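J.: pasting the sequence and the predicted coordinates here, then a few questions.
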Amino acid sequence: QSVLTQPPSVSAAPGQTVTISCSGNSSNIGANFVSWYQQLPGTAPKLLIYDYRQRPSGIPDRFSGSRSGTSATLAITGLQTGDEADYHCGTWDSSLRTAVFGGGTKLTVL
Amino acid sequence: QVQLRESGPGLVRPSETLALTCSVSGGSLRSGTYYWGWIRQPPGKGLEYVGTIYYSGDTYLNPSLKSRLSISADKSRNQLSLRLTSVTAADTAIYFCARAVRSGSLFIDFWGPGTLVTVSS
């Protein structure tokens, strides 16, 4: 059972926009920055977003992050078949005193 | 460019000790800018924070693993080590070596390819 809650799966057609939610509480998402990771099949996760909305160098602006209260959202615009992957959210939990992650969301590009 | 490479046995027997090493290149365990550590992922499941170590030697361990876990750094070899004692099938996972940034939270900016460790008799 993951501390952060993500939908198990989402899907959308190429070219469309999809959003993935990540729900937590006042000790984690409500208090600390959120990061997002993309994990292509059989590979290690890759950092997509940090500090709610910052993108590392090389990450296209089709990927964006936001936060509202104790939930965070990853949006992907102009979907491509190469975006099919698992997406994970993560943050620090000030009460548990550990980093926590969501269970991951599998994105299917139809 | 930072590169991380995990190594260690792929099979560990129940109740024994899991020991992994991570070789770091392109970055230094002596640097105070980053934390270094481990994340694991049971097959088909989400990510789980294992723990991190700072250049000072301070460790930040997942409370659920703390009683069985140690993380250390050999700065002369630029290698990170993990030891997890009394393992069970629940410790079966891909173990990723990671570089972490702690700034208002914690995020992983570089990951090793991961190594699968299976706990089975």
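T.: Thanks, I have the structure now. Numbers count the residues shown, from 1 in each chain, chains lettered A, B, ... in the order given.
J.: how about the strands in the chain?
T.: No chain specified, so I'll use chain A. Using DSSP state E, the strands of chain A run over A:9-12, A:18-23, A:35-39, A:46-49, A:63-68, A:71-76, A:85-93, A:98-101, A:105-109.
J.: wrong one, chain B
T.: Counting by DSSP E, chain B has strands at residues B:3-7, B:11-12, B:18-25, B:35-41, B:48-53, B:59-61, B:69-74, B:79-84, B:93-102, B:106-111, B:115-119.
J.: identify the residues contacting the residue nearest the centre of chain B.
T.: By C-alpha atoms, centre = their mean, chain B has its centre lying nearest to residue B:38, at 2.4 Å. Neighbouring residues of residue B:38 by C-beta atoms under 8 Å, 6 or more residues apart in numbering or on different chains: B:20, B:22, B:50, B:51, B:52, B:71, B:80, B:82, B:95, B:96, B:97, B:98. For every residue, glycine as well, the C-beta is placed using N, CA and C.
J.: skipping adjacent residues, who's closest to it in space?
T.: In this structure, residue B:38 finds its nearest non-sequential neighbour in residue B:50, 3.9 Å apart by C-beta to C-beta, 6 or more residues apart in numbering or on different chains.
J.: please list the residues of chain A that sit near chain B.
T.: Applying C-beta under 8 Å from any C-beta of the partner chain, one finds that chain A approaches chain B through A:2, A:32-35, A:37, A:43-47, A:50-51, A:56, A:88, A:90-92, A:96-104.
J.: so who does residue 71 touch?
T.: I'll assume chain A. By C-beta under 8 Å, 6+ apart, the neighbours of residue A:71 are A:21, A:22, A:23, A:24, A:29.
J.: wait, chain B
T.: Taking C-beta under 8 Å, 6+ apart, we find residue B:71 in contact with B:37, B:38, B:50, B:51, B:52, B:53, B:59, B:61, B:80, B:81, B:82, B:83.
J.: at 10 Å instead, please
T.: B:22, B:36-38, B:50-53, B:59-61, B:80-84 (C-beta atoms under 10 Å, 6 or more residues apart in numbering or on different chains).
J.: from these, keep the buried residues only.
T.: Using 16 or more other C-beta atoms under 10 Å in any protein chain shown as the burial test, those include B:22, B:36-38, B:50-53, B:59-61, B:80-82, B:84 as buried.
J.: re earlier: most neighbours out of the contacts of residue A:71, which is it?
T.: Compared across the contacts of residue A:71, residue A:22 has the highest neighbour count, 29 neighbours, by other C-beta atoms under 10 Å in any protein chain shown.
J.: my read: that residue touches residue A:75, true?
T.: No - Residue A:22 is beyond contact range of residue A:75, at 12.0 Å (criterion: C-beta atoms under 10 Å).
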